[in-house]
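*Asks:* what follows is a predicted protein model with its sequence.
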Amino acid sequence: MFSFHTHSALSTTQAKILQANSPIKYCLTSSETSHSFEQYIGELSRKLAIPTQQRIKSQNDDVLDCMLLSPELTAIAPNSFIQQLVIYQDEALAIGIAPSLSPVADILANVANNNVDTDTRFEESHWFFDYFWFWLATFVLVALFLAYRYYTLALHSLMLDSKNFELDLKNKALLDLQEQLRARNKKLEYLSTHDSLTSLANRHFFNETVLKELNRAVRHNSQLSLLLIDMDNFKAINDTYGHSEGDKVLIETAQVLKKQVRSIDIVGRWGGEEFIILLPNTSLKDATMLANRICEAVMEQNITPVQKISCSIGVSRFKDGDSLDTVFIRADKALYEAKALGKNRAESLE
Ligand SMILES: Nc1nc2c(ncn2[C@@H]2O[C@H](COP(=O)(O)OP(=O)(O)OP(=O)(O)O)[C@@H](O)[C@H]2O)c(=O)[nH]1
């Protein structure tokens, strides 16, 4: 492939050579070594009777194919020289070397036909080199812009990461707080529904549970019984051993009661030294049997230093239209009966 270079597009070595041969203006070069081109120029020079053209070589391989028109050729204006090259193109064809030179011939023909000033034409054909600084500046600007974009994006991403990290920490702290809150709520709920001394259901929770169980019993047409338990001679225990020993008796008795019932039964502390047990799906007879078993179990306790302690129990059952109050009254009557009959026993009232 052949090309024309203006001075500005030539290498330093080429420019020097040109200067030495001043005022030569243009340099016809090929990127490949081309003997046919040399021959072509030689032939043309001979036919045009142009003083011998001069081929200048340098140590630089790049310039090996640089063909300079000798200083004598400056007598011919570049345009007219080019025109003559075109004129002799046919002759070049005749000597069989033109085909490999067709790119050169095409360029020359275009220049001649368009009647374009060679300077302009050649400058146009080397737009890249002539606008080198423009392209370089554009490239640098684009590179700077991309670097800036990358930098801002990276910075943004870093800031987001840090924000995310911060949010993660806050989120974790919130989750911890939520967990603590949940645990406290659970504890509060437990405290509000259980007796602090015995850990049995308190009266409030027991009342709520009775309502649910009563509804269930009505729905399933099942029996529901109630035990009212009162410790015997508890005042004497307190008086003899002290209030804290009395508390201990209440705590241990609560454990005995829990052990005697099923998991579906609800044991509560009604108040003072009184306990209450709700027995779902239990007849009055079975409830009375359980009450007697409880009396025996309480008696079997050996609490130091009180040792023997007993309780009395009143038993009743829910009938149609009953509420906790009405059943409680009958159970209390039965309890009174048990006390009256000598304590440490169970009595029932339908
Ligand atoms: N240690 C302790 N004593 C309590 C508690 N609640 C009530 N008492 C006591 O239980 C005693 C109940 O006494 P009373 O109602 O006279 O009944 P009692 O002595 O058991 O006699 P009977 O019921 O007839 O067998 C009182 O002395 C109350 O102070 C408590 O939580 N802890």
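*Replies:* Nice, thanks for sending it over. Numbers count the residues shown, from 1 in each chain.
*Asks:* how about the residue nearest to residue 348 when sequence neighbours are not counted, what does it touch?
*Replies:* Using Cβ to Cβ, 6 or more residues apart in numbering and skipping the chain neighbours, the partner closest in space to residue 348 is residue 315 (3.8 Å). To be clear about C-beta, it is placed using only N, CA and C from the backbone, and glycine gets the same treatment. Counting by Cβ atoms under 8 Å, 6 or more residues apart in numbering, residue 315 makes contact with 225-228, 284, 287-288, 291, 331, 334, 346-349.
*Asks:* how about a cut-off of 10 Å?
*Replies:* By Cβ atoms under 10 Å, 6 or more residues apart in numbering, the contact list for residue 315 reads 225-229, 277, 279, 284-292, 330-331, 334-335, 338, 346-350.
*Asks:* what does residue 184 give?
*Replies:* Counting by Cβ under 10 Å, 6+ apart, residue 184 has no contacts.
*Asks:* and it, how far from residue 239?
*Replies:* 39 Å (Cβ to Cβ, to the nearest Å).
*Asks:* which SS class is the residue nearest to residue 247 when sequence neighbours are not counted?
*Replies:* Distances taken as Cβ to Cβ, 6+ apart put residue 197 closest to residue 247, at 6.1 Å, once the chain neighbours are dropped. Following DSSP: H, G, I helix; E, B strand; the rest coil, residue 197 is assigned to coil.
*Asks:* next secondary structure after the helix of greatest length in the chain?
*Replies:* Ranked by number of residues, the top helix in the chain under DSSP state H is helix 132-193. Where DSSP states H and E defines the elements, the next helix or strand beyond helix 132-193 is helix 203-220.
*Asks:* which outside residues touch that following helix?
*Replies:* Contacts for helix 203-220 (Cβ under 10 Å, 6+ apart): 189-190, 192-195, 200-201, 222-226, 264-271, 274, 276-282, 317-318, 320, 322-325, 327-328.
*Asks:* now it: buried residues?
*Replies:* Of all the residues in helix 203-220, those buried under the rule 16 or more other Cβ atoms under 10 Å are 205-206, 209-210, 213-214, 217.
*Asks:* neighbours around the closest residue to the ligand within the stretch 201-350 of the chain, how many?
*Replies:* Nearest to the ligand in the stretch 201-350 of the chain, going by Cβ to the nearest ligand atom, is residue 246, at a distance of 2.6 Å. When neighbours are defined as other Cβ atoms under 10 Å, residue 246 has 21 of them.
*Asks:* element containing it?
*Replies:* Residue 246 belongs to helix 243-260, assigned by DSSP H and E.
*Asks:* contacts for whichever helix or strand comes after that helix?
*Replies:* Next in sequence after helix 243-260, counting helices and strands by DSSP H and E, comes strand 266-271. Residues outside strand 266-271 that contact it (Cβ under 10 Å, 6+ apart) are 193-207, 209-210, 212-213, 227-230, 250, 253-254, 257-261, 274-280, 328.
*Asks:* which intervals of this protein have sub-threshold pLDDT?
*Replies:* Low-confidence segments of the chain (pLDDT under 70): 1-130.
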